[in-house]
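**Q** just to be clear, the model below is a prediction. Sequence and coordinates:
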Amino acid sequence: MRNLPPKSLAMTETEFSHYVGREQYQHDRVGAALVRRFAAALDVPLADNSVPDGLHWCLCTPETPTEELGPDGHPKVGGFLPDMGLPRRMWAASEVEFFAPLTLDAKVTRASRILSVERKDGRSGPLGFVKVAHETRCGDVLAVRETQTLVYREAQAARVELPPIVNLLPEQLRDWQWHRELTPEPVLLQRFSALTFNSHRIHYDLPYAREVEGYPGLVVHGPLMATLLLDLARRELGGDRLASFAFRAMSPAFAGQPLHLVGRSAGEEVILQALGGDGRMVVDASAKLREG
Ligand SMILES: C/C(=C\C(=O)SCCNC(=O)CCNC(=O)[C@H](O)C(C)(C)COP(=O)(O)OP(=O)(O)OC[C@H]1O[C@@H](n2cnc3c(N)ncnc32)[C@H](O)[C@@H]1OP(=O)(O)O)C(=O)O
């Protein structure tokens, strides 16, 4: 009897191979009003017409007509992104390089290309990973390059309880130089969904988040936590200091629960994490400083 290849290999090399290399182009402008709304939503001060790190996540957002959205509020899969038969989308990770600043009022273009489509078996069940490379140009200059990993998970209607909120133990904070605590309330999630034109219902529709996708609360956006970590680094180090930034969303964080943003510098690197209200790591991140 012929041995079948492992499922992940089969899925990558056959069923979805035609998605790899698929490209999409989008255009936008770094509008002053968008920058002001970003600063207002995230409580980031604006200085000298500079554009804060993380704003690129609010540019070149999907412009899919509402009648073409899927039941979760995202553009339907099966277009640019593959339909892997796993309905629950999450942002799993990103690796970002900052080459040049975004400048106010500049025209922006984004070229996106699918790098890989892979199925894995996780502790939580089957997972479908899609890696997408994005290059964001400001005028003719490459400003931001990102490899984004999206994950798709199987349906889950059963709802788990919200994690308990605990006081962090001193030893959990001992190794960190910086600590900012905040509670992302639904208002902040709604504002971030609006900034990124992200209509996924897990971020604002509590009955849907609980009853359809099985989360115990509204899910905090991965790029929102990433932006808050970038802002923590800016607060501590000053602006325009990061050459690159990478994060992995380890476990969901929920609206109304405390989030502990922690960080420390380690030579030319910065180590950052977001811890949930129960002390569990929700985002693991690191950044490299610019030379000089
Ligand atoms: C915007 C937007 C969406 C969002 O913002 S959603 C909110 C932000 N995202 C999250 O909250 C995701 C939190 N992460 C998780 O819940 C878990 O990491 C996840 C994705 C359910 C996977 O957990 P598992 O326990 O099932 O996975 P394992 O630890 O057993 O690992 C299995 C293999 O998968 C790889 N892997 C796991 N997590 C990640 C990750 N975050 N990024 C990349 N890869 C991951 C892991 O390395 C294992 O791979 P091997 O090759 O070693 O087998 C929007 O959609 O726009």
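**A** That came in fine, so what should we check first?
**Q** quick one, what contacts residue 27?
**A** Contact partners of residue 27, counting by CB atoms under 8 Å, 6 or more residues apart in numbering, are 60, 107, 108, 109, 110. Bear in mind the C-beta positions are built from the backbone N, C-alpha and C, glycine included.
**Q** give me the spatial nearest neighbour of residue 94, chain neighbours excluded.
**A** residue 148 (4.9 Å; CB to CB, 6 or more residues apart in numbering).
**Q** how about the strands in the stretch 101-250 of the chain?
**A** 107-122, 125-138, 141-153, 178-182, 242-249 (DSSP state E, counting those that start in this stretch).
**Q** now do the first one: which elements does it pack against?
**A** Contacts defined by 3 or more CB pairs under 8 Å, 6 or more residues apart in numbering; DSSP states H and E place strand 107-122 against helix 7-10, strand 23-29, strand 125-138.
**Q** the ligand is nearest to which of these?
**A** strand 125-138 (5.5 Å; CB to the nearest ligand atom).
**Q** any idea what the closest residue to the ligand within the stretch 1-150 of the chain is bridged to?
**A** Relative to the ligand, the nearest point of the stretch 1-150 of the chain is residue 122 (2.4 Å; CB to the nearest ligand atom). For residue 122, the beta-bridge partners are residue 125 (DSSP bridges).
**Q** neighbours of it, how many?
**A** Summarising burial for residue 122: neighbours were counted as other CB atoms under 10 Å, giving 10.
**Q** with the one 10 residues further on instead?
**A** By the measure other CB under 10 Å, the count of residues near residue 132 is 20.
**Q** cool, and the one 3 residues further on?
**A** Neighbouring residues of residue 135 were enumerated by other CB under 10 Å; the total is 16.
**Q** which residues does it contact?
**A** 110, 111, 112, 142, 144, 145.
**Q** can we see that at 10 Å?
**A** The contact partners of residue 135, by CB atoms under 10 Å, 6 or more residues apart in numbering, come to 97, 99, 109, 110, 111, 112, 113, 142, 143, 144, 145, 146.
**Q** so can I have JSON lines of those showing pLDDT, distance to the ligand and neighbour count?
**A** Converted to JSON lines, those look like this (pLDDT from 0 to 100; distance: CB to the nearest ligand atom, whole Å; neighbours: other CB atoms under 10 Å):
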{"residue": "97", "pLDDT": "98", "distance to the ligand": "18", "neighbour count": "17"}
{"residue": "99", "pLDDT": "97", "distance to the ligand": "23", "neighbour count": "15"}
{"residue": "109", "pLDDT": "98", "distance to the ligand": "20", "neighbour count": "16"}
{"residue": "110", "pLDDT": "98", "distance to the ligand": "15", "neighbour count": "20"}
{"residue": "111", "pLDDT": "98", "distance to the ligand": "18", "neighbour count": "14"}
{"residue": "112", "pLDDT": "98", "distance to the ligand": "13", "neighbour count": "18"}
{"residue": "113", "pLDDT": "98", "distance to the ligand": "17", "neighbour count": "14"}
{"residue": "142", "pLDDT": "98", "distance to the ligand": "23", "neighbour count": "12"}
{"residue": "143", "pLDDT": "98", "distance to the ligand": "21", "neighbour count": "23"}
{"residue": "144", "pLDDT": "98", "distance to the ligand": "17", "neighbour count": "24"}
{"residue": "145", "pLDDT": "98", "distance to the ligand": "18", "neighbour count": "16"}
{"residue": "146", "pLDDT": "98", "distance to the ligand": "13", "neighbour count": "21"}
